[in-house]
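>>> Any chance you could fold what I've pasted below:
(one chain, ligands or ions: 1)
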Amino acid sequence: MKENQFINQKKDILNLRKSTKLCIIGDSNVGKTSIIKRYVDNSFGQTEPSIGACNHKRVVKLSSGEEMDLEIWDTAGQERFKSIVPMYYKGSKGIIIVFDITNTASFDGAKTWVKDLSSHNNTAILSLVGNKCDLSDIRTVSFENAKIFANQNNLLYFETSAKEGSNVSEIFFTIAEKIPRNKDTTGAKGLKVDEVTMKQRKNNYCCNN
Ligand code: GTP
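Predicted coordinates:
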């Protein structure tokens, strides 16, 4: 057996695959924590405004059959935390910028986040997400306007409802599929350690709970 093959096999056995870092940003109250909660726990419930940032793990299965360990950083949207957010999106392979389709100010906020990102992180896969699409009868940001902005800025665009669960997995799957792979971040086996971590987190969802 070649030395590299041996090392990769060992990594699989010892669960030493590196995680792929993703980050979710956007104004306060747009549903960032709820989107992650839906993706990681498949649940929706009461949330408290985030303080600082905290991370969550999930394994995503790619269309090739490989698995990728995602480390998803949830950041606080409140103005007082804005200056620390770049610490979390720097080095991220994928960044999700969320706004609330019923809140035009949050769409303007997303535009500002996209502008900030262009000066800090230009290699990540970026996705704009219009959340709360279960409230589409009171939407103030049209699908067309959001999509045009996304196209102009090379962003993926999804509309989601963390409440109903629609389109949430699709964001993470699509980003993961687009992230360049290497042997340290994917593997054919499931990750027992992360499954345990997820279960432990289930009743203790976020840092500030
Ligand atoms: P910060 O932590 O302050 O940055 O907020 P956040 O962006 O993480 O928002 P959070 O997930 O805490 O959700 C804010 C509010 O919006 C909560 O009352 C959620 O229940 C609600 N909410 C989140 N997603 C949805 C959704 O898809 N539909 C509806 N109707 N409400 C949602």
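>>> Against the ligand, how distant is the residue lying closest to Thr47 once chain neighbours are set aside?
Nearest residue to Thr47, sequence neighbours excluded (Cβ to Cβ, 6 or more residues apart in numbering): Thr33, at 4.8 Å. For the C-beta atoms, the positions are set from N, CA and C on the backbone; glycine is no exception. From Thr33 over to the ligand the distance is 3 Å, taken as Cβ to the nearest ligand atom, to the nearest Å.
>>> would Thr33 count as being in a strand?
No - assigned with DSSP: H, G, I helix; E, B strand; the rest coil, Thr33 falls outside any strand and is helix.
>>> Now the longest helix along the chain: buried residues?
The single longest helix within the chain, with elements called by DSSP state H, is helix 104-120. By 16 or more other Cβ atoms under 10 Å, the buried positions in helix 104-120 come out as Ser106, Phe107, Gly109, Ala110, Trp113, Val114, Asp116, Leu117.
>>> any chance of those residues in CSV, plus distance to the ligand and pLDDT?
Listed next are the buried residues of helix 104-120 as CSV, based on distance: Cβ to the nearest ligand atom, whole Å; pLDDT from 0 to 100:
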residue, distance to the ligand, pLDDT
Ser106, 9, 98
Phe107, 14, 98
Gly109, 11, 97
Ala110, 11, 97
Trp113, 12, 94
Val114, 16, 95
Asp116, 16, 90
Leu117, 17, 91
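>>> Redo those residues as CSV? Include distance to Pro49.
As requested, the buried residues of helix 104-120 are exported to CSV (distance: Cβ to Cβ, whole Å):
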residue, distance to Pro49
Ser106, 14
Phe107, 20
Gly109, 15
Ala110, 18
Trp113, 17
Val114, 23
Asp116, 21
Leu117, 22
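>>> Just name the closest of the residues you listed to Pro86, please.
Comparing the buried residues of helix 104-120 against Pro86 with Cβ to Cβ places Asp116 closest, at 7.3 Å.
>>> Hmm, the closest one is touching Lys90, no?
No - taking Cβ atoms under 8 Å as the definition, Asp116 is not a contact partner of Lys90, at 11.4 Å.
>>> Next, count neighbours for the residue nearest to Thr47.
25 (other Cβ atoms under 10 Å).
>>> What of the one 5 residues further on?
As a burial measure, Arg38 scores 21 neighbours (other Cβ under 10 Å).
>>> Can you give me the distance of it to the ligand?
Counting by Cβ to the nearest ligand atom - Arg38 and the ligand are separated by 8 Å.
>>> from what I can see that residue touches Gly45, true?
No - the criterion here is Cβ under 8 Å, and Arg38 misses it with Gly45 at 10.1 Å.
>>> Distance from the helix or strand hosting Cys23 to the middle of the chain?
Assigned by DSSP states H and E, Cys23 belongs to strand 20-26. The chain centroid and the centroid of strand 20-26 are separated by 5 Å under Cα atoms, centre = their mean, to the nearest Å.
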